[in-house]
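Participant: here is a sequence together with a model predicted from it:
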There are 2 protein chains.
Amino acid sequence: MNALRGVFLAIAISGAVFSGAAKADTIVATGDLGLVVERASGSLLLVDQSERAVISRIEGLGDLSHASLVYSPDQRYAYVFGRDGGLTKVDITEKKIVNRVVQSGNAIGGAISDDGRLVAVSNYEPGGVRIFDAETLDLVADIPTGSKTIGLVDAPGRKFVFTLWDEGETWIADLSSRELKVTKITEIGTNPYDALITGDGRLYIAGLFGEDGLTAIDLWDPEPKPIRVLPEYGRGQKDLPVYKMPHLEGWARAGQEFVLPAVGHHQVLWIDAGNLSETGRTDTYGQPVFAMSRPDGRQVWVNFAHPLNDTIQVIDTVSKDIVHEFKPGKAVLHMEFTPRGHEVWVSVRDAGKVMIYDTRTFEKRGEIDAESPSGIFFTSRAHRTGL
Amino acid sequence: MNALRGVFLAIAISGAVFSGAAKADTIVATGDLGLVVERASGSLLLVDQSERAVISRIEGLGDLSHASLVYSPDQRYAYVFGRDGGLTKVDITEKKIVNRVVQSGNAIGGAISDDGRLVAVSNYEPGGVRIFDAETLDLVADIPTGSKTIGLVDAPGRKFVFTLWDEGETWIADLSSRELKVTKITEIGTNPYDALITGDGRLYIAGLFGEDGLTAIDLWDPEPKPIRVLPEYGRGQKDLPVYKMPHLEGWARAGQEFVLPAVGHHQVLWIDAGNLSETGRTDTYGQPVFAMSRPDGRQVWVNFAHPLNDTIQVIDTVSKDIVHEFKPGKAVLHMEFTPRGHEVWVSVRDAGKVMIYDTRTFEKRGEIDAESPSGIFFTSRAHRTGL
């Protein structure tokens, strides 16, 4: 009896302490959480935007170089796409991995359907797209392409859109009915290297590595076809060295214009969202990697390729002028805005820090320690198309 | 000693249960939750979008006729604005009211600042706007206006924008520094009755009851001034009976156009988002109350004023034609899309139901029971401006 009572007391004390702390610390709603990819250590940091703090580290995700992730609609699960073909399902409320499959030898990105039921992964080796049940990670559909597959995005209506590097084709996979339907759009251009979809899910735009310009597709067109964009904008002829391919996922929509990082040039390009004509260029400090719009579209934040990757420039979208420039440190790899844009989180790989800035005053608001941080992904992405 | 041990044991048991449940229950994924206002009973239904189900009912919110609410950035708290001047803070993870103040005699809507720290309420009696600390509900700022105050919205940069019915002025309250700064824009027009702000926080548009047209303000302009919109569109001259004022919060952005419910006419109006000129009108079944865009902008769903409030029409935004019409039941009061638009929830007051439809097939996917349901508010609103 004494021993039993001792156990009870121990529980009493730890239980009381725990429940005392619970109200302050352990009830966490997921709306302002995020995950930071720690690429070297194959881990994720679970972070709290409002507290500007780390909640915990989740380990064992394999090769996270060039990793990305998407969230379930309830913002409980993250699906992490590793370079090694690993698809890992993480429960951020339990702070642990709940499932993991290695679905290919070499993967590059993924997407989640608008209803949150399907997760798709884009593969280099073997090429193609594989689609999994979001709950179980069971394979639902396998779409071989005979080509490296890039620019995979979700589109409204249980659709995924992706592009074939070797063939220059864009495919639309429609999973809205029981039977998978694939629409193939040919003559996209030579060696499309990445693509984006606009926030409304209407326009899909692929960047080309093997020829000048970009190619847009209007997904609302009953018979979608390639539309050439900026045919006079090129990297081909001049044969500029490209230190790092820019990310088109980092495109920005600012009012009536798109802003895209140029390939090989120290410039960002402005495109009219209506007629897709060029409306301007802004000279930048280096070759842009990401050109990301603050959610209100008034600013675009740009980071750069090695060896100029210690700097960020901020462009005002009305004047198209650079209004701020600063050096957070070596290897600025990614930037993520809070959903309504009052702050921005910046990965500085070589400093081992994520730094947090006010987007109006540009003051530093905080920082957290991270192991070689790269991508930052806030849970608000769950509610947006094409991220 | 026995008595003391009894207390310990009681704590032991409740503490152990609590800590045992902690890992599973106390971190709550809030991304796909929502609240439905039950106007007659002064209660809220906490609902789960993915499960199409009720989680629980929260009672004791006072007069919820014409009530609305906003969410904290972490999607844990809802701030409910009641007609009786009550401001109630609800914890949706604990499913209970955590604070409530009656801050005026008669209120009409509210907003939350972009950083989630301030909650503002717009008042009829007495007029003006009061701003509260989001954590404590302590009064932070009191802005008397000497007028009924309408069209209160948040804008980026810790700003609130609102309009004076009697004076025809729009005021911008800037709380980004320690000192409150108020900018007053005069000559908005006669009796502005409601207003909206665009999703990027740039344009504020007020509807006028006392004269024709609407008035827009470009909040990016260093010296914002009134811009007349659709001056030839009127209700004034014809003196049409207006059964219910439409809600401008139910404005829709579809691609390059806005869609607004007309006042007194059986029409919605299309406006070019760039130059604010009229681009078309679509005749509708009744006087529109809400014209709400599916998140991808391809469809606009419209409900109508009494006595034609049993019907919904769906307009295709490319053709501007009505592509679907159906009758969910008497008194369709509100519609809310899932964040990525695959489904829509519809309040049907007199049926005592919220009905859930697929937005592509228009099939009914589910329904839940509710007491006189009116407004439906999903937690994804936390991450958007001006809702």
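Facilitator: Alright, I've got the coordinates. Numbering: from 1, shown residues only, chains lettered A, B, ... in the order given.
Participant: ok, which stretches of chain A are helices?
Facilitator: Applying DSSP state H to chain A gives helices spanning A:2-21.
Participant: low-confidence stretches in chain A?
Facilitator: A:1-27, A:234-245, A:249-252 (pLDDT under 70).
Participant: mind redoing it with 80?
Facilitator: A:1-28, A:105, A:125, A:232-255, A:387 (pLDDT under 80).
Participant: who in the stretch 101-250 of chain A is up against chain B?
Facilitator: By CB under 8 Å from any CB of the partner chain, the residues of the stretch 101-250 of chain A that approach chain B are A:114-116, A:156-158, A:176, A:200-202, A:220. Glycine gets a C-beta too; all of them are placed from N, C-alpha and C.
Participant: quick one: A:Gln256 and A:Leu276 touch, right?
Facilitator: No: counting by CB atoms under 8 Å, A:Gln256 stays clear of A:Leu276, with 11.7 Å between them.
Participant: now the residues of the stretch 101-250 of chain A next to chain B in a markdown table, with neighbour count?
Facilitator: Output for these, formatted as a markdown table (neighbours: other CB atoms under 10 Å in any protein chain shown):
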| residue | neighbour count |
| --- | --- |
| A:Asp114 | 26 |
| A:Asp115 | 19 |
| A:Gly116 | 23 |
| A:Pro156 | 26 |
| A:Gly157 | 19 |
| A:Arg158 | 18 |
| A:Ser176 | 18 |
| A:Asp200 | 22 |
| A:Gly201 | 26 |
| A:Arg202 | 19 |
| A:Trp220 | 17 |
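Participant: just flag the most distant two among the residues you listed.
Facilitator: A:Gly116 and A:Trp220 (22.8 Å; CB to CB).
Participant: which residues in the stretch 101-250 of chain A form strands?
Facilitator: Per DSSP state E, counting those that start in this stretch, the stretch 101-250 of chain A carries strands over the ranges A:106-112, A:118-125, A:128-133, A:139-143, A:149-155, A:159-164, A:169-174, A:181-185, A:192-197, A:203-208, A:214-218, A:226-229.
Participant: and the angle from the longest one to strand A:106-112?
Facilitator: Think strand A:118-125. In terms of direction (axes from the mean of the first three to the mean of the last three CA atoms, to 10 degrees), strand A:118-125 departs from strand A:106-112 by 160 degrees.
Participant: residues contacting strand A:118-125, please?
Facilitator: With contact meaning CB atoms under 8 Å, 6 or more residues apart in numbering or on different chains, strand A:118-125 is reached by A:70, A:79, A:81, A:85, A:87, A:103-113, A:129-134, A:137, A:140, A:148-152, A:154, A:158, A:160, A:162, A:173, A:175.
Participant: check the shortest one too.
Facilitator: Strand A:226-229 is contacted by residues A:170, A:185, A:187-189, A:205, A:213-218, A:271, A:276 when judged by CB under 8 Å, 6+ apart.
Participant: what about A:Gly280, neighbour count?
Facilitator: Using other CB atoms under 10 Å in any protein chain shown, A:Gly280 has 13 other residues around it.
Participant: same check on A:Ile112?
Facilitator: Number of residues near A:Ile112 (other CB under 10 Å) recorded here: 24.
Participant: how many other residues sit next to the nearest residue to it once chain neighbours are set aside?
Facilitator: Computed as CB to CB, 6 or more residues apart in numbering or on different chains, the closest residue to A:Ile112 that is not its neighbour in sequence is A:Val70, at 4.4 Å. Using other CB under 10 Å, A:Val70 has 23 neighbouring residues.
Participant: please report how far A:Val70 lies from A:Leu387.
Facilitator: A:Val70 is 7 Å from A:Leu387, where distance means CB to CB, to the nearest Å.
Participant: A:Phe377 now?
Facilitator: Per CB to CB, A:Phe377 is found 8 Å from A:Leu387.
Participant: okay, these two: which has more neighbours?
Facilitator: Between A:Phe377 and A:Leu387, A:Phe377 has the larger neighbour count (other CB under 10 Å), namely 24 against 21.
Participant: which strand residues bridge the more buried one?
Facilitator: On DSSP bridges, the residues paired with A:Phe377 through beta bridges are A:Leu35.
Participant: that one contacts A:Leu35, correct?
Facilitator: Yes: using CB under 8 Å, A:Phe377 is in contact with A:Leu35, at 5.2 Å.
Participant: okay, and the common contacts of those two?
Facilitator: Both A:Phe377 and A:Leu35 are in contact with A:69, A:78, where contact means CB under 8 Å, 6+ apart.
Participant: tell me the bridge partners for A:Arg228.
Facilitator: Per DSSP bridges, the residues bridged to A:Arg228 are A:Thr215.
Participant: make that A:Thr282, sorry
Facilitator: Taking DSSP bridges, one obtains A:Val268 as the residues bridged to A:Thr282.
Participant: for the one 10 residues further on, same thing?
Facilitator: Listed by DSSP bridges, the beta-bridge partners for A:Met292 are A:Trp301.
Participant: that one and chain B, how far apart?
Facilitator: Using CB to the nearest CB, to the nearest Å, we find A:Met292 at a distance of 15 Å from chain B.
Participant: what residues are up against the residue nearest to A:Ile112?
Facilitator: Applying CB under 8 Å, 6+ apart to A:Val70 gives the contacts A:78-79, A:110-112, A:119, A:381-382, A:387.
Participant: closest to chain B among the residues you listed?
Facilitator: Closest approach to chain B among the contacts of A:Val70 (CB to the nearest CB): A:Ala382, at 5.3 Å.
Participant: can you name the residues bridging to the residue nearest to that closest one when sequence neighbours are not counted?
Facilitator: Of all residues beyond its chain neighbours, the one nearest A:Ala382 is A:Tyr71 (3.9 Å), with distances taken as CB to CB, 6+ apart. Partner residues in beta bridges with A:Tyr71, using DSSP bridges, are A:Ala78.
Participant: isn't A:Tyr71 right up against A:Arg381?
Facilitator: Yes: counting by CB under 8 Å, A:Tyr71 touches A:Arg381, with 5.7 Å between them.
Participant: higher neighbour count, those two?
Facilitator: Higher neighbour count among A:Tyr71 and A:Arg381: A:Tyr71, with 29 against 20, using other CB under 10 Å.
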